[in-house]
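In: Here is my input, please return the structure:
(chains A and B)
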Amino acid sequence: MTSNRLLTFYTWAFLVFMFAPLLLMILTSFNDTSPPSVTDWQGLTFKWYEFFWMPETDLRADDVLRALDRDRFVGCFGNSLRVALTVVPLALILGLAGAVMLTRWQSRANGLLWWVLLSPMLAPGVVLGLSALVFWGRVGVNAGLFTIVMAQVTFIAGYPMLILMARLQRQPVEMEEAAMDLGASPLRIFFRITLPFLAPALVSAGVIAFLASMENYNTTMFAKGGSCTFATEIGAMARNPNGHPPVINAVGTVIILLTVAAAVTHAMLQRKDHRA
Amino acid sequence: MHGMDVTLDRVEVTYPNGFTAVQPTDLTIRAGEFFSILGPSGCGKTTILRAVSGFVDPSAGRVMIGGEDQKGRSPNQRPTALIFQNLALFPLMSVRDNVAFGLEARGVSKRDRHAKAEELLHLVALGDQADKKPGELSGGQKQRVAIARALAVEPSVLLLDEPLSALDLKLRQHMRAELRDIQQKTGVTFIYITHDQGEALTMSDRIAVMNKGRIEQVGTGDEVYSRPDTAFAASFVGEINQFPGRVSALDGEMAYIDTPLGRLLGRNPQRLQPGAEAILFVRPENMGFQTSESGQPFGNQFNARMVRRDLEGAFINFQLQPEADTPSVALHLTNSGAVPAFEADLDTKVGFTCESALVLPKGQLARTGREEA
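Out: All right, here's what the predicted structure looks like:
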């Protein structure tokens, strides 16, 4: 019995440690005081959210908000989207190639290849960012969005590869053999049989790659040069010694909502996929 | 559609791990024939099929189809179509698109290939299921889609890899008749792989019995069942009683064999000489009870105790334990004539005619508990 109670206690403690900070952050995003606080409640406000679309004159009128560079913030967010939308297709193509090779091309080198392709996922993000910076610097490319994309793709491609491999292993090889026996060329087999079978997994893999790219901080930090992304910009603002503006808490709240929505969608897609 | 003959000329298949799945094999399958390869799992029968379809390259010998060497031709270039054990229907395509897939790959227009698909679906009595997905069909219907899909490319040789093994018994028996029917309607050469002797016997024009990478016997169902060439063929096809011993004397076409049950007499088709180690085989339905009223005594008889009686409908199966310390003996009687009352441990006398017994050289036997998929 005691062990059971201990487990219950541990579970609740775990959940509190996990979610209490998030709840506090959500609360502070509605409190009219800066730096964020829950103990010093100054009244309900939505201005930390409205910051992103309020007219310039209102912005200037607010003591806290006028210190912030809204255009830069929005610009960095745009950069993040641009990076993610480039990373996703690249990661899917590379991941698909790796998955097909590792599941269908039976070779002794497969074991080695598996580790080579997955090692960027295990390597510290700092190392990936730094090596991308050094490599592209030597090649003569200035650090910027391009190097961010290159650095991110090296490890993000691993996620689609794992997801697609799991799916490919569930497709009996006989399916492709049957198509071949009926006279189909390898290209037709890929586009008519393999790719449609992979479609749901490609969607999941795309969502996960997108999230991984959007939230990436450490690798991006090293590869970004003079540019910025949403994550690095929030990081910069959070390092303010006088405490960060609650705008960040508002952004955090929106990200939590989006993440939950994406996770739920993904789970629903997967369930549909399992039923099929 | 027309069938083509298939010839294996000293075909041997050794896998990269050194395992020889098929020993050098010669085999001729006639055009338009329903030919079965029968053997236990792992005997190499699927490998032969894959060598004919082009998924496996023989390590030696030639595969000829319609007189042409198939060397260097991949599966999509051979006049064969393979029906996989798990059918391998395309789950995301409709039944119609499944059947039309081979024609699609050949660049046939949508209208023509759909017309052809409809025609074939009617042939297999699935005309009204064309818009469904394979997942919505029953086991027997999926089976027929796989057949229609294979026939759509007008193969000269249809290869079937235990396609009925996933079906239940009733459906399996029904599909046997249907396969036979489709084969006769189309005239395509069927090569049918199975470990189920019932399937092989009911459907085939000829059967090859295979064991450990070797074909032990090729013949019609009657030949293989009534006149097996080897101990393995005798013991694998159908139930059979075995009395191992040593040939002691010859009597024309017949041979005496000394067994723990005494001296028994049977046909000696392979002209074994005295001293040879041999097994006398006799089918349970050729065994009978020796009663005082039954007049004519059997050529071979011995005392045995009744162990069990199983009613199987048309047959009543007895299990008997001979006096000597030998394996038990099966005896099948038709459920119409005089059937003795059963009583456990009742002492009886049983026997069989010399003509119904077969003396064959000692050799590897099939496992008695034959696997049933």
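
In: which stretches of chain B aren't confidently modelled?
Out: B:1, B:292-295, B:368-373 (pLDDT under 70).

In: ok, A:G95 - contacts?
Out: Listed by Cβ atoms under 8 Å, 6 or more residues apart in numbering or on different chains, the contact set of A:G95 reads A:A157, A:G158, A:Y159, A:P160, A:M161, A:L162, A:I163, A:L164, A:A205, A:A209. For the C-beta atoms, the positions are set from N, CA and C on the backbone; glycine is no exception.

In: Just the buried positions in the longest helix along chain A, please.
Out: Ranked by residue count, the top helix of chain A under DSSP state H comes out as helix A:70-104. By neighbour count on 16 or more other Cβ atoms under 10 Å in any protein chain shown, the buried set for helix A:70-104 is A:70, A:73, A:76-77, A:79-80, A:83-84, A:86-88, A:90-92, A:94-96, A:98-103.

In: Stretch B:261-268 too?
Out: B:L261, B:L264, B:L265, B:G266, B:R267, B:N268.

In: How far does it sit from its chain's centre?
Out: Distance, stretch centre to chain centre, for stretch B:261-268: 28 Å (Cα atoms, centre = their mean, to the nearest Å).

In: how does chain B divide into domains?
Out: Chain B breaks down by automatic domain parsing into domains covering B:6-231, B:239-361.

In: Next step: the buried residues of stretch B:261-268 restricted to strands.
Out: Using DSSP state E, the subset of the buried residues of stretch B:261-268 located in strands is B:L264, B:L265, B:G266, B:R267.

In: Show me what the third one is bridged to.
Out: Bridge pairing for B:G266 (DSSP bridges) gives the partners B:A255.

In: And it, how close does it get to B:N76?
Out: Distance of B:G266 to B:N76, computed by Cβ to Cβ, to the nearest Å: 52 Å.

In: quick one on the thing from earlier: quick one: which of the contacts of A:G95 has the most company?
Out: A:P160 (28 neighbours; other Cβ atoms under 10 Å in any protein chain shown).

In: Dihedrals phi and psi, that one?
Out: phi -60, psi -40 (degrees, to the nearest 10).

In: Equivalent analysis for B:G299, please.
Out: According to degrees, to the nearest 10, B:G299 has phi -70, psi -30.

In: Might you report the residue contacts of it?
Out: For B:G299, the contacting residues are B:L265, B:G351, B:F352, B:T353, B:C354, B:E355, by Cβ under 8 Å, 6+ apart.

In: Could you report the separation of it from B:G238?
Out: Note on B:G299: its distance to B:G238, by Cβ to Cβ, is 22 Å.

In: Okay, and B:R176 sits in which element?
Out: helix B:169-186 (DSSP states H and E).

In: What is that helix packed up against?
Out: Counting contacts by 3 or more Cβ pairs under 8 Å, 6 or more residues apart in numbering or on different chains; DSSP states H and E, helix B:169-186 is packed against helix B:139-152, strand B:189-194, helix B:197-203.

In: Which one, of those, ends up nearest to B:R113?
Out: helix B:139-152 (7.9 Å; Cβ to Cβ).

In: what helices or strands is the closest one leaning on?
Out: strand B:80-83, helix B:95-105, helix B:110-123, strand B:157-161, helix B:169-186.

In: can you rerun that using 7 Å?
Out: strand B:80-83, helix B:95-105, helix B:110-123, helix B:169-186 (3 or more Cβ pairs under 7 Å, 6 or more residues apart in numbering or on different chains; DSSP states H and E).

In: Would you convert the ones you listed into CSV that also reports mean neighbour count?
Out: Formatted as CSV, those follow (neighbours: other Cβ atoms under 10 Å in any protein chain shown):
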stretch, mean neighbour count
strand B:80-83, 27
helix B:95-105, 24
helix B:110-123, 17
helix B:169-186, 16
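
In: Run the chain-centre distance for stretch A:105-121.
Out: Put simply, stretch A:105-121 sits 24 Å off its chain's centre (Cα atoms, centre = their mean).

In: Name the residues of it that are buried.
Out: For stretch A:105-121, by 16+ other Cβ under 10 Å, it's A:L117, A:L118, A:P120, A:M121.

In: Please identify the residues of the stretch 201-350 of chain B in proximity to chain A?
Out: Within the stretch 201-350 of chain B, no position is adjacent to chain A by Cβ under 7 Å from any Cβ of the partner chain.

In: Just give me the closest of the ones in strands among the buried residues of stretch B:261-268 to chain A.
Out: Nearest to chain A among these: B:R267, at 44.9 Å, using Cβ to the nearest Cβ.

In: Could I get the contacts of A:G95 in JSON lines, plus columns for secondary structure?
Out: Converted to JSON lines, the contacts of A:G95 look like this (DSSP: H, G, I helix; E, B strand; the rest coil):
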{"residue": "A:A157", "secondary structure": "coil"}
{"residue": "A:G158", "secondary structure": "helix"}
{"residue": "A:Y159", "secondary structure": "helix"}
{"residue": "A:P160", "secondary structure": "helix"}
{"residue": "A:M161", "secondary structure": "helix"}
{"residue": "A:L162", "secondary structure": "helix"}
{"residue": "A:I163", "secondary structure": "helix"}
{"residue": "A:L164", "secondary structure": "helix"}
{"residue": "A:A205", "secondary structure": "helix"}
{"residue": "A:A209", "secondary structure": "helix"}
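
In: Would you convert those residues into CSV that also reports distance to chain B?
Out: CSV is the format used below for these (distance: Cβ to the nearest Cβ, whole Å):
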residue, distance to chain B
A:A157, 26
A:G158, 27
A:Y159, 24
A:P160, 20
A:M161, 22
A:L162, 23
A:I163, 18
A:L164, 16
A:A205, 18
A:A209, 24
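
In: Can you pull the residues of the stretch 101-250 of chain A lying near chain B?
Out: Checking the stretch 101-250 of chain A against chain B by Cβ under 7 Å from any Cβ, the hits are A:172, A:174-175, A:177-184, A:188, A:193, A:196-197.

In: could you redo the last one with a cut-off of 6 Å?
Out: Contacts of the stretch 101-250 of chain A with chain B, taken as Cβ under 6 Å from any Cβ of the partner chain, map to A:E174, A:M175, A:A178, A:M180, A:D181, A:L182, A:G183, A:A184, A:R188, A:P196.
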